[in-house]
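Enquirer: Sequence first, predicted coordinates after that:
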Amino acid sequence: MKKLLTSTALVAALALPGGAFADAQSDLDPNAKSGGNITITYKDDVATLDPAIGYDWQNWSMIKSLYDGLMDYAPGTTDLRPGLAESYEISEDGKVFTFKLREGVKFHNGRVMTAEDVKYSLDRVTNPKTQSPGAGFFGSIVGFDAISNGETETLEGVKVIDPLTVEITLSRPDATFLHVMGLNFAAVVAKEAVEEAGADFGKTAMGTGAFKLGEWTIGQRLVFEKNEDYWRDGVPYLDSVTFEVGQEPIVALLRLQNGEVDVPGDGIPPAKFQEVMADPEQAARVVEGGQLHTGYITLNTQMPPFDNVEVRRAVNMAINKERITQVINGRAVPATQPLPPSMPGYTDGYEGYGYDPEKAQEMLAAAGFADGFETELYVMNTDPNPRIAQAIQQDLAKIGIKASIQSLAQASVIAAGGEADQAPMIWSGGMAWIADFPDASNFYGPILGCAGAVQGGWNWAWYCNEEVDAMATEADSMTDPDAADARLQKWSDVYMKIMDDAPWVPVFNEQRYTMKSERMGGADALYVDPVSIPVNYDYVYVNDVQ
Amino acid sequence: MINFLGRRLLQSALILLGVSFITFALLYLLPSDPVRQIAGRSATAQTVANIREQLGLDQPFIVQYWRYLMDLLHLDLGRSYLQKTEVSTLIAARLPATLLLMVGAISAELVLGLGMGIIAALRRGTMTDNSLMIASFIGVSAPQFVVGLLLLYVFAVQLGWFPIGGYGTFAHLVLPALTLGILGSGWYSRMMRSSMIDVLRQDFIRTAHAKGLSRARVLLRHALPNAILPVIAMIGIDIGIFMGGIVIVESVFGWPGIGQLAWQAIQRVDIPIIMGVTLVSACAIVLGNLVADIATLFADPRIKVR
């Protein structure tokens, strides 16, 4: 059986829960106006616009607007939709993906994009010389090992059939592969531009996206200009987007109040949050939404006494999550499990470990720690994380655990977590997992799977349950779109099993609050777009243009 | 004179070498792994090893330092780990803004500081003197982060006289230069005041008055040139103090200089940028001191060098 999926059938067939039926037309807003410019501010410089390199939440959405990949997401949702691919077929064994490209799509330099460009881009991102942090996402493509060892410079599994057809062969079925093709790392770049710019490619941009890079003055501003030839009809609405960098969030807020800024990219500064929300006029311009984020405490399962599952469960019951969310002005909801509520695969109705210090103390006593024990809690040293760590410390003290706080720079906490015997507990704040793509599997491998429990890895609980690992592999082999629900159920089981083993204390899921100027229009969902943070530049618009 | 210059230049080179070694060693000893930062959280062990090798970070400390020095001799500051851009490009793009801010700040502190110092010296012991000296004390003590935000809030947000941060016109320069200048003016006013009081006690001032010169002429022609000598040396030292201040002031006002660059690089442990900015700042301080010494030499013929 072969499945031929056209643009519109695709989304329906994938049947992602919570996803609306979406097609190209319904994404367009009948009230939208074309034209105008918006100004976004950031504190930090934009590191790079190279889609193979950019991997922070600031440049992620910018790159999304400059480049396209074969797959994409419907604006404001977690629903996959075709991008540069017009349609695709999956072979029966789930290993061969044949993508049919759209005709006549042009790069910003006017050249027509072809299948060769797709292949070049995938070869480039997986080539170790590119130093892409995302190379590992393509591990399931045939020939990945050969290219990452440096034996060859081209991926054997990616074949150009004709100028509009690419065939990608996988070494194992991978249900997340379409999401991978929607990552920025899979974006299609123009070879000639990469070669011309050489090592400085990240300071330029040459894609097929809705915007093209107009100006980049280092340390000051970037200007994106509308791509008049964009292959999606009707968008973008804006003529240009200006990103001003080097602006402190507090100054950005003052400028927003003064009408000079449209969206402060770093959000509302915590110290001003309550003031803004208390003012009805300002609060009306704040859009709140979930994000694919979970803040958690890791309990190192290889270090005593956290090698004892009863101790880990007791700690889970000792933490007062409600109070911790108050520490951050209620900008989060208490978490019960590793997956955030907006992620497909989240287990509805599961209440997790309730707050019960008496019971926790009893469990600790039964595990042989009636008098508690001493341990260390590692935490990143920027506000509000040390304050959260203090709340955790107090909760632990109530059941007799004396945790000393190690407040360090981000890189140092990450380094400590990557050693098997260094950090008994880590509060993840500031380094917490935010999904790369909206799929349940993305909260497993590197942070809870055996593959991540290695030196320098991100599985700071050093949790490795082979049975769970096998379940995860099985779930990701379920590539049949008809089995999508069964697959999500499998993932739900995986995370329930993990909760039973309790390597983490899931603490909260941060909410997103995007503030915008009065003149900005577009659905609220665009301002809390799960894929484009802070906003989806391609679909927002301003109301004060003719 | 030639001897003196040669000696000072040699000393300067040694100081810079020392600075480069100490900074490099400190960054090497940091308990954080730059490769893991570059590679990101989803990288495989293979990717991490590849990057480590390509950047030469698998080499022992002394080899890494030697390579850095050799590149430095070719004026190559390396590439930023995270931005992948030449550090020299990043610094060059931002240096003019920092220099402009410095010129603005030095002007502000000289005008404010010298003015306050002279007035206080002439009105010694009066209410004016006391209030000026208390003001200068506050100026020296107030955290620049607070002063900056306060100026921004009052003069930009409330009164709307100046833009709310940013870069480009003279109006953008006023508040950040003033923030830096207020700190310096505190030092200068105290220094100028005591220096001026010293000079005003000298015999030649009495002589000048005695031969019937006007009060203004005595001040401008006789007292000021003598009183200002220690201040010239101070400007050289000042550049060092500014290097600390610009990190804060540039962040508050969104001023696109190298202080901002350094602050961002420190947060991301982008070692080549931290090294580059440190070396450029060290050069500026060394150069500033050298220029101040030479300037004093010319301004004060009493100083002899061997």
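Expert: Yep, it's here.
Enquirer: Can you name the next helix or strand after the helix or strand of chain A with the lowest mean pLDDT?
Expert: Every helix and strand in chain A was compared by mean pLDDT, DSSP states H and E; the lowest is helix A:7-14, with a mean of 38. Next along the chain after helix A:7-14, taking DSSP states H and E as the criterion, comes strand A:37-41.
Enquirer: Now that next one - C-alpha only, PDB.
Expert: In PDB, the C-alpha atoms belonging to strand A:37-41 read as follows (Å, rounded to 0.1, in the frame of the first residue of the first chain):
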ATOM      1  CA  ASN A  37       6.600  47.900   9.500                       C
ATOM      2  CA  ILE A  38       6.900  46.500  13.000                       C
ATOM      3  CA  THR A  39       9.700  46.900  15.500                       C
ATOM      4  CA  ILE A  40      10.800  44.000  17.700                       C
ATOM      5  CA  THR A  41      13.500  44.500  20.400                       C
END
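Enquirer: residues contacting the closest residue to residue B:61 other than its chain neighbours?
Expert: In space, and not counting its chain neighbours, residue B:61 is closest to residue B:28: 5.4 Å by C-beta to C-beta, 6 or more residues apart in numbering or on different chains. Backbone N, C-alpha and C define where each C-beta goes, glycine included. By C-beta atoms under 8 Å, 6 or more residues apart in numbering or on different chains, residue B:28 lies in contact with B:61, B:64, B:65.
Enquirer: separation between the last one and residue B:73?
Expert: Separation of residue B:65 from residue B:73 (C-beta to C-beta, to the nearest Å): 13 Å.
Enquirer: So for these two, which sits in the more crowded spot?
Expert: In this view residue B:65 and residue B:73 are compared by other C-beta atoms under 10 Å in any protein chain shown, and residue B:65 has more residues nearby, 16 against 8.
Enquirer: I figured that one hits residue B:22, correct?
Expert: No. Applying C-beta atoms under 8 Å as the test, residue B:65 and residue B:22 come out as separate, 10.9 Å apart.
Enquirer: circling back to that earlier point, how about the contacts of residue B:28 in a markdown table, adding secondary structure?
Expert: Shown next, in a markdown table, are those (DSSP: H, G, I helix; E, B strand; the rest coil):
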| residue | secondary structure |
| --- | --- |
| B:61 | helix |
| B:64 | helix |
| B:65 | helix |
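Enquirer: Grab the nearest non-local neighbour of whichever residue of the stretch 1-150 of chain A sits closest to chain B.
Expert: Taking C-beta to the nearest C-beta, chain B has its nearest neighbour within the stretch 1-150 of chain A at residue A:133, 3.0 Å off. Leaving aside its chain neighbours, residue A:133 sits nearest to residue B:40 (3.0 Å; criterion: C-beta to C-beta, 6+ apart).
Enquirer: same thing with residue B:178?
Expert: Nearest residue to residue B:178 in three dimensions, chain neighbours excluded: residue B:108, at 5.4 Å (C-beta to C-beta, 6+ apart).
Enquirer: could you pull out the helices for the stretch 201-350 of chain A?
Expert: Listed in chain order, the helices of the stretch 201-350 of chain A (DSSP state H, counting those that start in this stretch) span A:249-257, A:270-278, A:280-283, A:309-318, A:321-327.
Enquirer: Let me fix that, I meant to ask about the stretch 351-500 of chain A.
Expert: With DSSP H, counting those that start in this stretch as the criterion, the stretch 351-500 of chain A has helices spanning A:357-366, A:385-398, A:410-417, A:445-448, A:466-476, A:484-501.
Enquirer: what does the third one contact?
Expert: Among residues not part of helix A:410-417, those counted as contacts by C-beta under 8 Å, 6+ apart are A:298, A:378-380, A:382, A:406, A:408, A:422-423, A:426, A:430-431, A:458, A:460, B:30-34, B:36-37, B:267, B:269.
Enquirer: can we see that at 7 Å?
Expert: A:378-380, A:422-423, A:426, A:430-431, A:460, B:31-33, B:36-37, B:269 (C-beta atoms under 7 Å, 6 or more residues apart in numbering or on different chains).
Enquirer: out of the residues you listed, who's nearest residue A:32?
Expert: Set against residue A:32, the nearest of the contacts of helix A:410-417 by C-beta to C-beta is residue A:430 (36.4 Å).
Enquirer: Between the two ends of stretch A:407-426, what distance do you get?
Expert: End-to-end span of stretch A:407-426 (C-alpha to C-alpha, to the nearest Å): 10 Å.
Enquirer: what comes up buried for that stretch?
Expert: By neighbour count on 16 or more other C-beta atoms under 10 Å in any protein chain shown, the buried set for stretch A:407-426 is A:407-418, A:422-426.
Enquirer: could you give the mean pLDDT of stretch A:181-189?
Expert: Averaging pLDDT along stretch A:181-189 gives 96.
Enquirer: Just give the nearest non-adjacent residue to the closest residue to chain A within the stretch 51-200 of chain B, would you?
Expert: Scanning the stretch 51-200 of chain B for proximity to chain A using C-beta to the nearest C-beta identifies residue B:93 as nearest, at 4.0 Å. Using C-beta to C-beta, 6+ apart and skipping residues adjacent in sequence, the residue nearest residue B:93 is residue A:218, 4.0 Å away.
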